[in-house]
Structure formats: C-alpha cells, structure tokens
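*Asks:* I would like the atomic coordinates for the input below:
(one chain, ligands or ions: 3)
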Amino acid sequence: MTFAVRSSNSVGGGGDSFAVLFVFFSYANPEAAEMSHGTKWLHHLRKLSAENISGGPIEKGQNRVIDASLTLIRERAKLKGELLRALGGVIASTALLGVPLGHNSSFLQGPAFAPPRIREAIWCGSTNSSTEEGKELNDPRVLTDVGDVPVQEIRDCGVDDDRLMNIISDSVKLVMEEEPLRPLILGGDHSISYPVVRAVSEKHGGPLDILHLDAHPDIYDAFEGNKYSHASSFARIMEGGYARRLLQVGIRSITSEGREQGKRFGVEQYEMRTFLRDREILENLKLGEGVKGVYISVDVDCLDPAFAPGVSHIEPGGLSFRDVLNILHNLQGNVIAADVVEFNPQRDTVDGMTAMVAAKLVRELTAKISK
Ligand SMILES: NC(=[NH2+])NCCC[C@H](N)C(=O)O
Ligand SMILES: [Mn+2]
Ligand SMILES: [Mn+2]
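*Replies:* Ligands and ions are numbered 1, 2, ... in the order given. Just a heads-up that it's a prediction; the model follows:
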C-alpha cells in the first residue's frame, strides 16, 4: 500500500491513473486492502475499480507496466546477443529466463519462488562451473541470464491470464530474436510450458519434437475449470499444433482422461511401471529430424521424491537423477529451448537439496543446448 501511494506522488502527470491503479491494486489484493482499510473501504474500492476497468486509465497503466517489463528483457537479451556476436563462433548459447508463476498450480503455489533459488544453486561454491561433459558455465558463450518476467508485479496491476500468457510468449520471443541466444526457462508451475512452447514453435515457424519428463501427463482438457492449469498445459500445446511428437517420460500418476487425451493427441506415454523395459529406447532417443528442433520440458517431480523432495506433488516410484541424466546426455537432436518447472522451495529440505537438483538439471540442459 505504501508503495502505491508513494508512486502516485512521485510520478509526475500520472497522478490520476496511479490513484486508480492503486484502487485496482487493492481490488487484486483483497487481503492487503482488508488489513489496512477494512471491509467497508474495500467495498468502495471494488465498485470504483469495476467501473474503470476497460479503455480507461487502468488499462493505460497496465500497458505501461507491461511495456517496461518487456523492455528490460529485450535490452538485456540484446546486450547479450551483441556480446556473443562480437565474440564470434557461437552457434547456440543458453539464456536463462525466469517465469516466477505459481497461481496455476492446483495444489501449492511455491514454484513462484523457484527462479532465484535455482540461480543461487547454479553458482553455489559447493560445486564448480563445469558441466559433466566439460562445458564452462561461466563462459557467456555457454550461459547468460536475462532475468525474470515480473509475473507478480504484472498480476498486481489486474492483468488476466489470457494477457499474461501472451506476455510470457512475447518475452521468450524477445530472447530468440537475438542470435545465438536459446531460451532456458526457470519455472514456475508447469502452466508456463504452454506459452513458452507456443513462442518457440511460432518463432521457428513449425512444430517441434517435445521430450516431457514428468510424473503426470498434464493433459486434462481443463483442470478444476482452469484451461491454463499446470495440469492442462500439454492439452493446449497439442491443440495448438506446436508438437509433431510428444514423448512423456516418468509417468506414474495418470487418470483415464490422461490416457484418453494421450491417445487422442497421439502422445507417446512412457510409464514408470514399464521403465525397465523402455529404458533401452529412452536412453537412445533421436528426435527433431524433419522438424524445427527439440524442446525439453522437465517437471522436477519426474524424479523420485527420494531425489527431489521439494515439489508440490510428491509421487513415489519415479526416476533417479542418473536415469534423467542418461536420457538427456544420450539424446541426439538439436535442442532449441527447454524448461525446468515445478521446483517448490517451500517444500525443500533446509539445506536446499532440490534447489541443487533443479540447478543441476539447468546446468546439464545448458550444456545440451549450447554449441
Ligand atoms: N504439473 C504438475 N505437477 N501437475 C500435477 C497435476 C496433478 C493433478 N492432481 C493430476 O491429477 O494430474
Ligand atoms: Mn508433475
Ligand atoms: Mn507437470
């Protein structure tokens, strides 16, 4: 509250719109408003904000915040692209983009807090900057970072999910604008894979082969009425025609709808109960031939909770960390983008074990992408 009030004083000429924005902010955060102003005031705020929603100062204010957010990502990506082109000889270089979004989770919202914890673990002094196969992470030709999409700040302006998903897609496209940057997205809950894959497919102009590691197929038509649910992202991806092949690996929590939807969309579902049999195939994958490239989406809950307890949906019977690395290291194909999602720092061990797991996934995916 104090922040919004101070803003209305300090930004010249924008006083009115900020006053209204303040009203909307209170509407979007009823608990905050309730604490400081009481329920009667809240009633007035809601009424006022509802009358000012479309075409008015609120919408202009939202546009300004969105433009500023995209500008920061665009300029950071541009600077990194310029650096790499000046250095020369780089075909593909990984750029981290955080998407701290947790509200489309059906259970816990903690994944919104993951990106800074993953970054911290990537650079933790307990390890070093070499990947297993010898790439140097502190070389900008291998890895750079363009920061986060400010999801909470944008939502606090009253922006809805249709628009937020477009902002996420636009942010991913801004990174891909800058050759030779390739986006690696730090989630966030799994709902973010839809806008990210859509952006990658649209930018490259065709469908992709997708390797999706997860305990769940996330392919409900809608989950609890939410078409943007983290349990529905792959339904949106398949409907959109963004995937030629979708391979789901690590599956061990699947309903009849999950199987039916899988059949309907021609998804290749590899279940944990047959992993020992499928292992040979999964450790020798060749993907992306004849399409624009390979996308890898890693839901941290693909791992057995013994390896990665810091997730919202604890599902026993999963992959070991080495199983996942074997699949990734042996995969043949041009990986053009990836995400690591569903790490929930609020369920991690005190020493941040799952943060380290998520970070190592990011490190090894970086090695896979950069060349
Ligand atoms: N992205 C995820 N972690 N999705 C988990 C979805 C869980 C949901 N309860 C289901 O039945 O599938
Ligand atoms: Mn999952
Ligand atoms: Mn998932």
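*Asks:* skipping its backbone neighbours, what lies nearest the residue in the stretch 51-200 of the chain that ligand 2 sits nearest to in space?
*Replies:* Proximity of the stretch 51-200 of the chain to ligand 2 (Cβ to the ion) peaks at residue 190, 6.4 Å away. C-beta: built from backbone N, CA, C; applies to glycine. Setting aside the residues directly before and after it, residue 190 is nearest to residue 230 in space (Cβ to Cβ, 6 or more residues apart in numbering), at 3.9 Å.
*Asks:* quick check, that neighbour in a helix?
*Replies:* No - when classified by DSSP: H, G, I helix; E, B strand; the rest coil, residue 230 is found to be coil rather than part of a helix.
*Asks:* tell me who's in contact with it.
*Replies:* Contacts for residue 230 were tallied using Cβ atoms under 8 Å, 6 or more residues apart in numbering; they are 104, 105, 106, 189, 190, 191, 218, 223, 341, 342.
*Asks:* same deal with residue 311?
*Replies:* Residue 311 is in contact with 300, 301, 305, 342, 343, 344, 347, 354, counting by Cβ under 8 Å, 6+ apart.
*Asks:* for the helix or strand harbouring the last one, buried residues please.
*Replies:* Residue 354 is part of helix 353-369 when elements are defined by DSSP states H and E. When burial is assessed from 16 or more other Cβ atoms under 10 Å, helix 353-369 yields the following buried residues: 354-369.
*Asks:* still on that earlier bit, would you list the phi and psi of the residue nearest to residue 190?
*Replies:* Backbone torsions for residue 230, taken as degrees, to the nearest 10, come to phi -60, psi -20.
*Asks:* now it: how far from residue 111?
*Replies:* Distance of residue 230 to residue 111, computed by Cβ to Cβ, to the nearest Å: 8 Å.
*Asks:* shared neighbours, these two?
*Replies:* 105, 189, 341, 342.
*Asks:* just checking, the second one touches residue 104?
*Replies:* Yes - counting by Cβ atoms under 8 Å, residue 189 touches residue 104, with 5.4 Å between them.
*Asks:* comparing these two, which residue is more hemmed in?
*Replies:* Ranked by neighbour count (other Cβ atoms under 10 Å), residue 189 and residue 104 place residue 189 first, with 32 against 26.
*Asks:* so what pLDDT did that one get?
*Replies:* As summarised for this prediction, residue 189 has a pLDDT of 98.
*Asks:* and the protein, which residues reach ligand 2?
*Replies:* Proximity of the chain to ligand 2 (Cβ under 5 Å from the ion) is limited to residues 214, 215, 216, 299, 301.
*Asks:* at 6 Å instead, please
*Replies:* Proximity of the chain to ligand 2 is confined to 214, 215, 216, 299, 301, 313, 342 under the rule Cβ under 6 Å from the ion.
*Asks:* can you narrow the residues you listed to ones near ligand 1?
*Replies:* 216, 299, 301, 313, 342 (Cβ under 6 Å from any ligand atom).
*Asks:* adding pLDDT, write those out as JSON lines.
*Replies:* Below are these laid out as JSON lines (pLDDT from 0 to 100):
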{"residue": "216", "pLDDT": "98"}
{"residue": "299", "pLDDT": "99"}
{"residue": "301", "pLDDT": "99"}
{"residue": "313", "pLDDT": "98"}
{"residue": "342", "pLDDT": "98"}
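*Asks:* possible to save those residues as TSV with secondary structure and neighbour count?
*Replies:* Formatted as TSV, these follow (DSSP: H, G, I helix; E, B strand; the rest coil; neighbours: other Cβ atoms under 10 Å):
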residue	secondary structure	neighbour count
216	coil	25
299	strand	28
301	helix	28
313	coil	22
342	coil	32
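*Asks:* what distance do you get for the nearest residue to residue 341 once chain neighbours are set aside to ligand 1?
*Replies:* Leaving aside its chain neighbours, residue 341 sits nearest to residue 187 (3.2 Å; criterion: Cβ to Cβ, 6+ apart). When distance is defined by Cβ to the nearest ligand atom, to the nearest Å, residue 187 is 9 Å away from ligand 1.
*Asks:* burial of residue 187, as a residue count?
*Replies:* Residue 187 has 30 neighbouring residues, counting by other Cβ under 10 Å.
*Asks:* and for residue 204?
*Replies:* The burial count assigned to residue 204 is 16, neighbours taken as other Cβ under 10 Å.
*Asks:* kindly report the same for the one 5 residues further on.
*Replies:* As a burial measure, the neighbour count of residue 209 was computed by other Cβ under 10 Å and equals 24.
*Asks:* helix/strand/coil for it?
*Replies:* The three-state assignment at residue 209 reads strand, by three-state DSSP.
*Asks:* who's in contact with it?
*Replies:* If you count contacts by Cβ under 8 Å, 6+ apart, residue 209 has them with 243, 244, 245, 247, 287, 288, 291, 293, 294, 295, 333.
*Asks:* all set now, cheers.
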